[in-house]
Structure formats: C-alpha cells, structure tokens
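**Student:** Sequence first, then the predicted structure, then my questions.
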Amino acid sequence: MAAHKRTEITIETDRVLIIRRRRVLRAWCQECGHEVDMVDPREAEAITVVTGAALRDCAQWHIAQSPDGAGLVCLDSLLRSV
C-alpha cells in the first residue's frame, strides 16, 4: 500500500504602519498613563479616513492639549483603532 503525504501550509499576515514625520511629539497621555507619541489632528486625518467633525467624535482616541493649546491625538490609541 502506498502512503499518502499531506502538506499543510499556514500563511500569517500582519500590517505594519511606520510614521516618519517631524510633527510627532512625545507627551503624557492621561488615559494611557505614560508618555507616548502624539500627533496633531491633521496627522491623524492623514493616517486614518476620519476627518473634520468626525475626528472630535472618535471616542476611542485619547485627546490631549499641547502647551500652546492645540489638540493632540495619542498615536497608540489611534493605531489601535485602525
């Protein structure tokens, strides 16, 4: 009797997003509880498809203020939502 060979192939995929912009700031995220990279809302719009008023309604993103009063988005929370 001939033995049958069985070959099983598993393919795993992963997505990596690398952001190399000069507008990434290190700041304290109140919700994460540690220092993280933060981007301004325009950078958040460029990374995701969320724009304008919908940006303010995105509850899963951690929003903070920069020292000059501008809004900042926690990059960790933004990438988790993508």
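**Tutor:** Looks like it came in fine.
**Student:** any idea which helix or strand of this structure has the worst average confidence?
**Tutor:** The helix or strand of the chain with the poorest confidence is helix 52-56; it has a mean of 57 (mean pLDDT, DSSP states H and E).
**Student:** what's downstream of it, the next helix or strand?
**Tutor:** strand 63-65 (DSSP states H and E).
**Student:** Tell me the buried residues in that next one?
**Tutor:** 63-64 (16 or more other CB atoms under 10 Å). In short, each C-beta sits where N, CA and C put it, glycine included.
**Student:** In terms of secondary structure, what does that strand contact?
**Tutor:** Counting contacts by 3 or more CB pairs under 8 Å, 6 or more residues apart in numbering; DSSP states H and E, strand 63-65 packs against strand 25-29, strand 71-74.
**Student:** Show me what counts as buried in the helix or strand hosting residue 77.
**Tutor:** Taking DSSP H and E as the criterion, residue 77 maps to helix 75-81. Neighbour-count burial for helix 75-81 flags 75-78 (criterion: 16+ other CB under 10 Å).
**Student:** Reformat those residues as TSV; add pLDDT and distance to residue 36.
**Tutor:** Formatted as TSV, those follow (pLDDT from 0 to 100; distance: CB to CB, whole Å):
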residue	pLDDT	distance to residue 36
75	86	6
76	87	5
77	87	8
78	84	10
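**Student:** Reformat those as CSV; add distance to residue 44.
**Tutor:** Output for those, formatted as CSV (distance: CB to CB, whole Å):
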residue, distance to residue 44
75, 9
76, 12
77, 10
78, 6
